[in-house]
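Visitor: Here's a sequence, model it:
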Amino acid sequence: MGGNKKKTLAAIEKEQMREELRKQGLLEKKKKDKAEERNKSKSEFIMTLSDNDVMRIIKDMPFITPYQLSKSTGVKVSVAKDFLEQLREKGYIKIVGGISGRYIYVPVSAAS
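Guide: Take a look at the predicted model:
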């Protein structure tokens, strides 16, 4: 019974103006810019972390979780999770437990 309401003249004019600007290339969609910004910021965080710095932090810990690493380095949990996965692939740390992507790691020297 409802349906779309009739747009006001001002709303129709604004929509036409936006459409013309998009055709000219002066206006882009916001979602694309936000997604690029998120990916860029995440890669910047990963660049600031180095293997040596993180290994210095975690070598004395009995176990490592992404949450602990994020708190000790000041990065997002998702970045810490990705970095721990990279360290695991390089062979610096080993998974000893966890479920559903929430893994618990230990340094390889401590796992032996």
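Visitor: Quick check: next helix or strand after the worst-scoring helix or strand of the chain on mean pLDDT?
Guide: Taking mean pLDDT, DSSP states H and E as the measure, the helix or strand of the chain with the lowest value is helix 30-48, at a mean of 59. Per DSSP states H and E, the first helix or strand lying C-terminal to helix 30-48 is helix 51-58.
Visitor: Same question for that next one: list its buried residues.
Guide: Burial within helix 51-58, assessed by neighbour count using 16 or more other Cβ atoms under 10 Å, is assigned to 54, 58. Just so you know, the C-beta spots here come from the backbone N, C-alpha and C atoms, and that holds for glycine as well.
Visitor: what's it packed up against?
Guide: Applying 3 or more Cβ pairs under 8 Å, 6 or more residues apart in numbering; DSSP states H and E, we find helix 51-58 packed against helix 66-73, helix 77-90.
Visitor: Parallel or antiparallel, which strands does the helix or strand following the last one pair with?
Guide: From helix 77-90 onward toward the C-terminus, using DSSP H and E, the following helix or strand is strand 93-99. Here the strand partners of strand 93-99, with direction, are listed using DSSP bridges: strand 102-107 (antiparallel).
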